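Here's a sequence, model it:
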Amino acid sequence: MKKLVYSVMWMVGCGLMQTAGAQSYPDRPITLVIPYTAAGITDASGRLVAKKLSERLGQPIVIDNRPGAGGAVGAEYAARAKPDGYTLFMGTRGTQVTNAMTQKDVKIPPASDFASVYGFIDAATVIVVRADAPYKTLPELVAYAKANPGKLSYGTAGNGSAANLTGELFQDMAGIQMTHIPYRGSAPAVQDLLGGAVPVAFDYPATTASFIKSGRLRALAVVYGDRIKSLPDVPTTAEAGVKGAESSSWMGIFAPAKTPRPIIDRLSKEMGAVMQDPEIQQKISDLGAIPLQADSKGLDKLIDEDQRRWSEVLKRVTINSN
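A predicted model of the protein is given here:
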């Protein structure tokens, strides 16, 4: 009986300590781990909301870029951080869902190692080539790839990244074969495309729109269900003749598992307020993305849906895990 009383008292005490900690949270700077290089859409959108979230929380949010292995390096670091709300993680569909399905030789923290906070962005992928490429439209690219199977290569932010999976899904739907060239982030992939080291890239408007508008790159199609505001003249893949390739990549804030629930709820509430800001919504649209407003439960639902969808897709396509 005494053991039971002590156990109940211990549990109540722990609950009171967590509540007290949440009430004073945050009382020092917070770190947001971004698992990709600077200048990509994950970095740009993470910095965007971090600034506004910092203002609402009254504490600085320090950005810590930890790229590598399609986001797995940063994910592993963040998952092992102390679960006190002072280390947050900028997760994507790749880091939270598909890396575990595709990177068999890399240590991938499972989704259960994280607590969902808030999903705030859905990013479309655009197929881009150099302006002087011999294929001027998506049908011309598909025809070239069919005539030269395996000779065309395409760059992305890394093995197992959302752009990589989108590229493989597109090939499956188009009936073509290209060779994937992984990079450590969007920025180096686009730079190699500009330099001619890779002929095609699957990337995001955040890193390609300025080059498209300046005429250095040509956008052949958006791999999305609808045209996007930042590139209104670029057709969707379905409009360009390849149906069934629609894809996107959501991004959101996560915390290490076992972070006290009151802290998760506070962060989710403040992120919801951030996403009501018209300036934030406009800047996300300027990145060629769509604002999301998925609280912690909504983000969990996105993860569950993607796990089902991409496990089916990956039965048909092959992702290089090297």
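
use CA for all of it now, contacts and neighbours both
Fine.

give me the low-pLDDT residue ranges for this protein?
The chain contains residues with pLDDT under 70 at 1-22, 318, 320-322.

And for the most centrally placed residue in the chain, nearest residue in space, chain neighbours not counted?
Centroid check for the chain by CA atoms, centre = their mean gives Thr92 as the closest residue, at 3.1 Å. Distances taken as CA to CA, 6 or more residues apart in numbering place Met251 nearest to Thr92, at 4.4 Å, with adjacent residues excluded.

How much space separates the one you found from Asp304?
Met251 sits 14 Å away from Asp304, going by CA to CA, to the nearest Å.

now Lys151
36 Å.

so Ala294 touches Asp122, yeah?
No. Between Ala294 and Asp122 there is no contact under CA atoms under 8 Å: 10.6 Å.

Same question for stretch 187-206: list its buried residues.
Buried positions in stretch 187-206, judged by neighbour count with 16 or more other CA atoms under 10 Å: 187-190, 192-194, 198-206.

does the residue nearest to Thr92 sit in a helix, a strand or a coil?
Per DSSP: H, G, I helix; E, B strand; the rest coil, the local secondary structure of Met251 is strand.

From Arg308, how far out is it?
Noted for Met251: a distance of 18 Å to Arg308, by CA to CA.

who has more neighbours, Met251 and Asp304?
Set Met251 next to Asp304 and count neighbours by other CA atoms under 10 Å: Met251 wins out with 25 against 12.

for the more buried one, what are its contacts?
Residues near Met251 by CA atoms under 8 Å, 6 or more residues apart in numbering: Thr42, Met90, Gly91, Thr92, Arg93, Gly119, Phe120, Ile121, Asp122, Ala123.

how about the host helix or strand of the third one as CSV, C-alpha atoms only?
Put plainly, it is Gly91. Gly91 belongs to strand 87-92 when assigned by DSSP states H and E. What follows is strand 87-92, C-alpha atoms only, in CSV (Å, rounded to 0.1, in the frame of the first residue of the first chain):
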residue,chain,number,x,y,z
THR,A,87,15.9,22.0,-29.2
LEU,A,88,13.3,21.9,-32.0
PHE,A,89,13.6,20.3,-35.4
MET,A,90,12.5,21.4,-38.8
GLY,A,91,11.2,18.1,-40.2
THR,A,92,9.9,17.2,-43.6
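
so how far is the helix or strand that it is followed by off the chain centroid?
Note on strand 87-92: by DSSP H and E, the next helix or strand toward the C-terminus is helix 93. On the basis of CA atoms, centre = their mean, to the nearest Å, helix 93 sits 5 Å off its chain's mean C-alpha point.

Quick one: list the elements packing against helix 93.
Counting contacts by 3 or more CA pairs under 8 Å, 6 or more residues apart in numbering; DSSP states H and E, helix 93 packs against strand 248-256.

when you compare where whatever helix or strand comes next after the strand it packs on runs with where strand 248-256 runs, what's the angle?
Using DSSP H and E, the helix or strand that follows strand 248-256 in sequence is helix 261-274. Counting by axes from the mean of the first three to the mean of the last three CA atoms, to 10 degrees, helix 261-274 lies at 140 degrees to strand 248-256.

For helix 261-274, name the packing helices and strands.
Contact here means 3+ CA pairs under 8 Å, 6+ apart; on that basis helix 261-274 packs against helix 2-24, helix 41-57, strand 114-130, helix 296-313.

nearest to Leu217, of these?
With CA to CA as the measure, strand 114-130 is the member of those nearest Leu217 (4.5 Å).
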